[in-house]
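*Asks:* Dropping the sequence and predicted coords here.
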Amino acid sequence: MGQCVTKHETKDDDSDQHIDFASGNVHLITTKESWDEKLSEAIKDGKIVIANFSATWCGPCRVIAPFYAELSEKHSSLMFLLVDVDELTEFSTSWDIKATPTFFFLKDGNQVDKLVGANKPELQKKITAILDMIGQSHK
């Protein structure tokens, strides 16, 4: 499915481009500190985190952003994060991002699943599986 190979070049400083990307209940992560803060909050609240490593210049990222925001509104039991790979280059590199978008599914701060590419049905399927897993653990 659609994905962009990450590029490393100077960014034009259009922070307002994030408005479409981080709508709904999607939290825009702009610093390593805000990442740590949200992860701690999720662990404390027992929430699974879905982290979308994305880029404003990436066509498939733009296409899936409204769907990701819609999912964030539907599934308040999950925490949806958005990381711009160009703004947090070093941090993104530490996650070994090879293409955007890349979605990581984290439980207690540890990766439980991953999806590379803007594949709406697969993203929905993985979220459903995560929700089923949460449901099983509460029984």
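*Replies:* Cool, got the structure. No experiment lies behind these values; they were computed from the predicted model shown.

*Asks:* drop to CA atoms for contacts and neighbour counts, all remaining ones
*Replies:* Fine.

*Asks:* Centre of the chain to stretch 80-96, how far?
*Replies:* Remark: stretch 80-96 is offset 10 Å from the chain centroid, using Cα atoms, centre = their mean, to the nearest Å.

*Asks:* which residues in this structure form helices?
*Replies:* Ranges of helices within the chain are 18-21, 32-45, 59-74, 89-94, 120-137, based on DSSP state H.

*Asks:* Tell me which of the ones you listed sits most buried.
*Replies:* Among the helices of the chain, the stretch with the highest mean neighbour count (mean count of other Cα atoms under 10 Å) is helix 59-74, at a mean of 19.

*Asks:* quick one, it and helix 120-137 angle?
*Replies:* For helix 59-74 against helix 120-137, the angle by axes from the mean of the first three to the mean of the last three Cα atoms, to 10 degrees is 30 degrees.

*Asks:* which outside residues touch helix 59-74?
*Replies:* For helix 59-74, the external contacting residues (Cα atoms under 8 Å, 6 or more residues apart in numbering) are 2-4, 20-26, 54-56, 78-80, 100-101, 117-120.

*Asks:* please redo it, this time with the cut-off set to 7 Å
*Replies:* The contact list for helix 59-74, computed with Cα atoms under 7 Å, 6 or more residues apart in numbering, reads 2-3, 21-26, 54-56, 80, 100-101, 118.

*Asks:* just to revisit the earlier point, now the helices of the chain in TSV, with distance to Asn110?
*Replies:* Shown next, in TSV, are the helices of the chain (distance: least, Cα to Cα, whole Å):
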stretch	distance to Asn110
helix 18-21	24
helix 32-45	10
helix 59-74	20
helix 89-94	14
helix 120-137	14
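
*Asks:* Can you find the helix or strand in the chain with the smallest mean pLDDT?
*Replies:* The helix or strand of the chain with the lowest confidence, counting by mean pLDDT, DSSP states H and E, is helix 18-21 at a mean of 54.

*Asks:* quick one: contacts for Thr100?
*Replies:* Contacts here follow Cα under 7 Å, 6+ apart; on that basis Thr100 touches Gln3, Cys4, Val5, Thr6, Phe53, Ser54, Ala55, Cys61, Val116, Gly117.

*Asks:* No further queries at this time; thank you.
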